[in-house]
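K.L.:
Give the three-dimensional model of this entry:
(4 chains)
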There are 4 protein chains.
Amino acid sequence: MPAETIRLLISCTDTRGIIAAVSAFIAQHAGNIVELDQHTDDSTGWFFMRVEVEAEGFGLSRLSFGPAWSPLAARFSMDWSVRWGGDLRRVVILASREGHCLHDLLFRWKAGELACEIPLVLSNHEDLRPIAESAGVPFRCVTGPDKSEQEQTLLRLIRESRAELIVLARYMQVLSPAFVAAYPNGIINIHHSFLPAFAGPRPYHQAFERGVKLIGATSHYVTESLDQGPIIAQQTAPVGHRDNVQSLIRKGRDLERVVLARSVRLHLNDQTIVACNRTIVFD
Amino acid sequence: MPAETIRLLISCTDTRGIIAAVSAFIAQHAGNIVELDQHTDDSTGWFFMRVEVEAEGFGLSRLSFGPAWSPLAARFSMDWSVRWGGDLRRVVILASREGHCLHDLLFRWKAGELACEIPLVLSNHEDLRPIAESAGVPFRCVTGPDKSEQEQTLLRLIRESRAELIVLARYMQVLSPAFVAAYPNGIINIHHSFLPAFAGPRPYHQAFERGVKLIGATSHYVTESLDQGPIIAQQTAPVGHRDNVQSLIRKGRDLERVVLARSVRLHLNDQTIVACNRTIVFD
Amino acid sequence: MPAETIRLLISCTDTRGIIAAVSAFIAQHAGNIVELDQHTDDSTGWFFMRVEVEAEGFGLSRLSFGPAWSPLAARFSMDWSVRWGGDLRRVVILASREGHCLHDLLFRWKAGELACEIPLVLSNHEDLRPIAESAGVPFRCVTGPDKSEQEQTLLRLIRESRAELIVLARYMQVLSPAFVAAYPNGIINIHHSFLPAFAGPRPYHQAFERGVKLIGATSHYVTESLDQGPIIAQQTAPVGHRDNVQSLIRKGRDLERVVLARSVRLHLNDQTIVACNRTIVFD
Amino acid sequence: MPAETIRLLISCTDTRGIIAAVSAFIAQHAGNIVELDQHTDDSTGWFFMRVEVEAEGFGLSRLSFGPAWSPLAARFSMDWSVRWGGDLRRVVILASREGHCLHDLLFRWKAGELACEIPLVLSNHEDLRPIAESAGVPFRCVTGPDKSEQEQTLLRLIRESRAELIVLARYMQVLSPAFVAAYPNGIINIHHSFLPAFAGPRPYHQAFERGVKLIGATSHYVTESLDQGPIIAQQTAPVGHRDNVQSLIRKGRDLERVVLARSVRLHLNDQTIVACNRTIVFD
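P.N.:
Here you go, the predicted structure:
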């Protein structure tokens, strides 16, 4: 059982002394750094850092951290966030009819791989109700002829569940810009191709048509531009001439599961920072 | 030292009895099949077969094979080809300024991995002359302000070298449709991305811009449509936020070498059949 | 929905004319070969073949096949088997306390990836009962102080279930030689290392101790010699210095699931032949 | 062209304030940290850090660094090393008759992938002389009936070349403990299997015998115990029943090249720290 840690994520313009200032601040409050990962981007001159501090013995609380930290953050004009590892995020999963990603996420969650609470599964079909309910998670099917009304219902349910993260586990509806804007860098999608190849619908059919020798899966934060958001994780697997669309779909499911689960886990462990439509992944 | 074999490649509309007829024909001529690989494409009803027969003891010669085989081929309206493994193809390599693929191919050739002769290396720059010449292969640099004239010179040199296969080992000029038409399924190119992603120029720059988490390389037969030909092999490798364009280029070189060498080898071993803009690879 | 096929597996000493004789036999009975894969092993002179024939229109039935085929099989002293694809095998899964492989197999089975029936899950612990039962599969926990008696009960239950294949999905008990002998090439195990490295207990602990940079999983047919049986599939994944035993276990679960499922699928599709402690895999 | 950096490697017992002290020290000397990677090992309580500082503007020189740094190093009982990136190591390569690794390393070196000088290639055979000499590197063949005398000659030549790193690029002689002791963590070997599987001679023959479904390559620092040293990098590739020992050897060469080159590169970039027979790799 690993000890609880506090995760601090920082991005700002690079300059001398940031690490010294941050680590002095932590030392000054009796913090023990157990993991520090830092990266400066050559092309933009942007500085990124993730620091993990032992919660036990640290001299600041959730309440006192902000006031103590603010002057330093202001000095370097930081974008920053802090989270006590034990404060589990609430995650809502949206899915349509394909159950493999949902099933996989729920199993990993039960096995302790995903540090979160999952108060709700939402869908536009009834098919996956048994998967959610057998894991003890409430399931709501939201349909209706009016897309905008349907989305309003989804948003309301998500808000009521106090979710901080939305996972699209093969949810086959396009979300409106307004929906996406409500959760910046807070919606993770799995796309069943190695983006930017085969964006849009039916990627396995497109892959088959093109005769590629590998298929892929891509997880990304959702932005207004369909399949264009910052990529979190990608993986490919070899295929051959014996594969037809059905076997591509079958083989792809294994990729989708692993890639989506990895992304959700990275997000929940505060290992991602989004900047300039790319995702810094500290793993 | 493996014994010499005869490789027979067949494609035709699927129907009952093709394998029986072919294998009976081979048995009738005292042939021993050492490898038979067959595939029927569900979606097109097309039949593909590769048969490898021990040369020793086989009752037909290069001269007598055609007349003996023709009736059977006609009966099934086959596209077919036959080749005695010992009849080495002549291969001309074209490259520009990046030497890693040329260098790799020449080393593999010397090490006995590629069953061919390499009578000539062509380039539009002088840079790679030492690589070719230190491997004992003549090098010709063909430049000039008139692209069409330059291509005519290339074509003439290739014809004079009696090449059956042209390998574009990072040759950065686009070949004209007329050039391509002169060598149908006889030109192999390496493109430095996982096609169809990042077709066209500067794929590593495109990949960096998009923030992908893997890079790739694709080898394909060259057709009139740039980067659209039938794919022979593809491979990807993981990258991360610490990579810049330079490190993508460096990491990509390892993929390009392996993918191109694999394709050339498959072609030389008569393990590929092109049909409907895809490549059947019997390996 | 692919059409039903008949799968014929053959191994015998290589000689001229086997393929001709087999394909003539099939053609003579109006069979259409949809897939033929053949391999001759250089080092042993052994011949292996898998033939898949469309069931529709084939002139032999389950009953008439044997008598018609026997003379040809005798002529080449073949080891052979035939199976109509629609005749689903009955598979019993054994597991202990780790549920990921069981869970995964049952999900794939429900999703139609595994062509079999699963009449029973057996375990030496109660932990996984909910996983089996929520998939609608009976679960029996067999424990007791006397190992031999416990095994007798297992064997009896497996026989009563008329299982043809036993899958050890992280079953942590060693089976006796007598048990193994009752199901030759009929028991598939998943071992959580890239065998032959880290055979025996606690492979992830061994891997951590050795400081390897990749972990693996291996599925194999069970023989009398622990972790020594013919390997069906293997896969590895990169790890690093940030991994501890717990994260190796977590990452390894993804490999174990995929490798075991692949092996079970290959077996169920009659794509494996065991010879000389190695597995020929026609895929 | 990336700017020159200074690389500082530190390991010591973990305690509060190390990062703060180090980064304050660097800030105090006007250093700009461009990369900082840190890891604390749970199981041993050991702290590891790599810091990369821009050389330009840094207030300490090669001469003044040690005296300024020593008090801080003493305070935390650090093992540490510092290197100005522009101070290229001298590397001697040893090889026997297989030239692929040597050829690859020399090509990468010429292409600027390996920041070092290569003053000498040593061998116990004449075969690879042309590879070394065509790259402009002196080649010395050291043979003789007396193994110990031969090793003395090697050691003398290596010392005279002022090498800091010895790369065994398929050098097929076992080095004596005395030789190894002269270059602690300064000799990198490539072994052609995924260690600990198939240690010792003829690993591809062993792999073929065992019927594995993947082959591998492992690079490691050489210690007194054969094939037991701290692993730097490993990679595997799939193989199948169609592979014989020859094709395993051929496919393995691609792994060996990439794995060895990666290790040498990591070492030259000061990205490795050895502790407790494992290699921390900051990449």
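
K.L.:
Any figure for the gap between residue A:93 and chain C?
P.N.:
To chain C, residue A:93 is 16 Å away according to C-beta to the nearest C-beta, to the nearest Å. Any C-beta I mention is one placed from the backbone N, CA and C, and that applies to glycine too.

K.L.:
Please, which helix or strand holds that residue?
P.N.:
Using DSSP states H and E, the element containing residue A:93 is strand A:89-95.

K.L.:
Tell me which strands that strand pairs with, and in which orientation.
P.N.:
Strand A:89-95 has the following strand partners under DSSP bridges: strand A:116-123 (parallel), strand A:165-168 (parallel).

K.L.:
Just the strands from the stretch 151-283 of chain A, written as ranges.
P.N.:
A:165-168, A:187-191, A:214-221, A:231-238, A:272-275, A:278-281 (DSSP state E, counting those that start in this stretch).

K.L.:
quick one: the fourth one to strand B:214-221, angle?
P.N.:
Comparing the axes of strand A:231-238 and strand B:214-221 via axes from the mean of the first three to the mean of the last three C-alpha atoms, to 10 degrees yields an angle of 40 degrees.

K.L.:
Same check on the second one?
P.N.:
Angle of strand A:187-191 versus strand B:214-221, following the same axes, to 10 degrees, is 20 degrees.

K.L.:
still on that earlier bit, mind listing residues that contact the strand holding residue A:93?
P.N.:
The contact list for strand A:89-95, computed with C-beta atoms under 8 Å, 6 or more residues apart in numbering or on different chains, reads A:101-102, A:105-106, A:114-123, A:128, A:154, A:157-158, A:161-171, A:264, A:268.

K.L.:
filter those to the buried ones?
P.N.:
A:101-102, A:105-106, A:114, A:116-123, A:128, A:154, A:157-158, A:161, A:163-171, A:264, A:268 (16 or more other C-beta atoms under 10 Å in any protein chain shown).

K.L.:
How about the helix or strand of chain A with the lowest mean pLDDT and chain B, touching?
P.N.:
Every helix and strand in chain A was compared by mean pLDDT, DSSP states H and E; the lowest is strand A:33-41, with a mean of 92. Yes - contact between strand A:33-41 and chain B, assessed by C-beta under 8 Å from any C-beta of the partner chain, occurs at A:39, A:41.

K.L.:
what packs against that strand?
P.N.:
helix A:18-28, strand A:46-54, helix D:18-28, strand D:33-41 (3 or more C-beta pairs under 8 Å, 6 or more residues apart in numbering or on different chains; DSSP states H and E).

K.L.:
Need those in a markdown table (columns: mean neighbour count and distance to residue A:195).
P.N.:
A markdown table is the format used below for the helices and strands packed on strand A:33-41 (neighbours: other C-beta atoms under 10 Å in any protein chain shown; distance: least, C-beta to C-beta, whole Å):
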| stretch | mean neighbour count | distance to residue A:195 |
| --- | --- | --- |
| helix A:18-28 | 21 | 33 |
| strand A:46-54 | 22 | 23 |
| helix D:18-28 | 21 | 37 |
| strand D:33-41 | 21 | 28 |
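
K.L.:
right, so of the ones you listed, which gets closest to residue C:196?
P.N.:
For residue C:196, the closest of the helices and strands packed on strand A:33-41 is strand D:33-41, at 28.3 Å, according to C-beta to C-beta.

K.L.:
CA atoms only for that closest one, dumped as PDB, please.
P.N.:
The C-alpha trace of strand D:33-41 is given here as PDB (Å, rounded to 0.1, in the frame of the first residue of the first chain):
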ATOM      1  CA  ILE D  33      18.100  23.600 -15.300                       C
ATOM      2  CA  VAL D  34      16.900  22.300 -18.600                       C
ATOM      3  CA  GLU D  35      16.100  18.800 -17.500                       C
ATOM      4  CA  LEU D  36      15.700  17.300 -14.000                       C
ATOM      5  CA  ASP D  37      14.700  13.700 -13.500                       C
ATOM      6  CA  GLN D  38      14.500  12.200 -10.100                       C
ATOM      7  CA  HIS D  39      13.500   8.800  -8.600                       C
ATOM      8  CA  THR D  40      13.300   7.400  -5.100                       C
ATOM      9  CA  ASP D  41      13.300   3.700  -4.800                       C
END
